[in-house]
Each structure stands twice: as C-alpha cells, then as structure tokens.
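S.K.: Provided below are the primary sequence and the corresponding predicted coordinates.
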Amino acid sequence: MKTSFKRLLTAISVVAVAAGISVTWRIIRHDRLPVPDEKAAAMELLARKLSGPGYFNLPLKGIREQGGPWIPLEEVSRQKDRVTGERKFGEKQRAELDRLISELSEPQPERMVGGYRVQLERLNLAVDGIKLNPDK
C-alpha cells in the first residue's frame, strides 16, 4: 500500500510539474508580442504627417529603396511651383527652397540610371523649416 501511494504521489507530482512548466511556457511566449520596427513605424507616421498639397508627393515612379522613398529631381522641379504656391512663398523663401533642394539632392546609386534624387521626408521636413516673412 505504501508503494502504490508513493507511485500515485509521484505521478501527481510529475503531472503538476509538467502542467506548471506548460503554463509558464505559454505565459512567457504569450507575453512576447512582435515588436514593430521603430524606424519603420516612425517613417510611416512622418509620411502621413508630411502629405498634402503643401508638400512634395511621391509620384508613381518614385523610388522606394532603403533610406525611405526617393523622388527624382525632375519631379521635384515639376512640383516646386505647386508647393510654393500652396505655402505662399515669396522670392526669399523660393531661393531658400532652391538651396535646400540642391543641398539635399544626391546622385542615384546606380550610375547607369543617372540623374539625382531627393529623400522625400527630409525634403518635406526642410520645407516645413522655411519661415514665412510678412515682407516676402
């Protein structure tokens, strides 16, 4: 009788330990939610904030590579009049915008494609930094 009681107690102990390990494992694994990429989430929020008629927009042929969406310099030139008109920029602000565009533009990484490109969010942040003066 003592032997069967010890076996029963051992079996119950093994089941209890296995259940405890299983529950602990599930709690540990359940608490591990996938952590989003902070950089990607920040860029998505920034892209949503920096969109609209007063900003440069990514065209259909925009370049989505590492480092964010890129806009060809030719497209920046096409959109420049619209952006300056929406923001009511004067000559001083237009000159500042031209300086920023030339400062932010960089050559395409593939030399065969040629041309220059600008990182879209950096350009729109720089446009936000241009101050309006009442004297234009």
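M.R.: Received the coordinates, thanks. Worth saying up front: this structure is predicted, and the values here are computed from it rather than measured. Numbering: from 1, shown residues only.

S.K.: correct me, but residue 72 touches residue 116?
M.R.: Yes. Judged on Cβ atoms under 8 Å, residue 72 makes contact with residue 116 at a distance of 7.5 Å. Every C-beta, even on glycine, is put in place using the N, C-alpha and C of the backbone.

S.K.: looking at these two, which is more packed in?
M.R.: residue 72 (19 against 16; other Cβ atoms under 10 Å).

S.K.: can you pull the pLDDT of the more buried one?
M.R.: Looking at residue 72, its pLDDT reads 87.

S.K.: could you measure from it over to residue 5?
M.R.: 82 Å (Cβ to Cβ, to the nearest Å).

S.K.: residue 48 now?
M.R.: 68 Å.

S.K.: go on, residue 102?
M.R.: From residue 102 to residue 5 the distance is 88 Å (Cβ to Cβ).

S.K.: mind listing what's buried in stretch 100-120?
M.R.: Of the residues in stretch 100-120, 100, 101, 104, 105, 108, 116, 117, 118, 119, 120 count as buried by neighbour count, 16 or more other Cβ atoms under 10 Å.

S.K.: contacts for the helix or strand harbouring residue 92 next, please.
M.R.: Residue 92 is located in helix 91-104, with elements delineated by DSSP states H and E. Contacts made with helix 91-104 from outside it, assessed by Cβ atoms under 8 Å, 6 or more residues apart in numbering, are listed as 73, 76, 80, 83-84, 87, 89, 118-119, 122-123, 126-127, 130-133, 136.

S.K.: tell me where the protein has helices.
M.R.: 2-31, 38-49, 73-87, 91-104, 120-129 (DSSP state H).

S.K.: can you tell me the centre-most residue of the chain?
M.R.: Centroid-nearest residue in the chain: residue 43, 2.0 Å away (criterion: Cα atoms, centre = their mean).

S.K.: name the nearest residue to that residue, ignoring sequence neighbours.
M.R.: Sequence neighbours aside, residue 68 is the residue nearest to residue 43 in space, at 6.0 Å (criterion: Cβ to Cβ, 6 or more residues apart in numbering).
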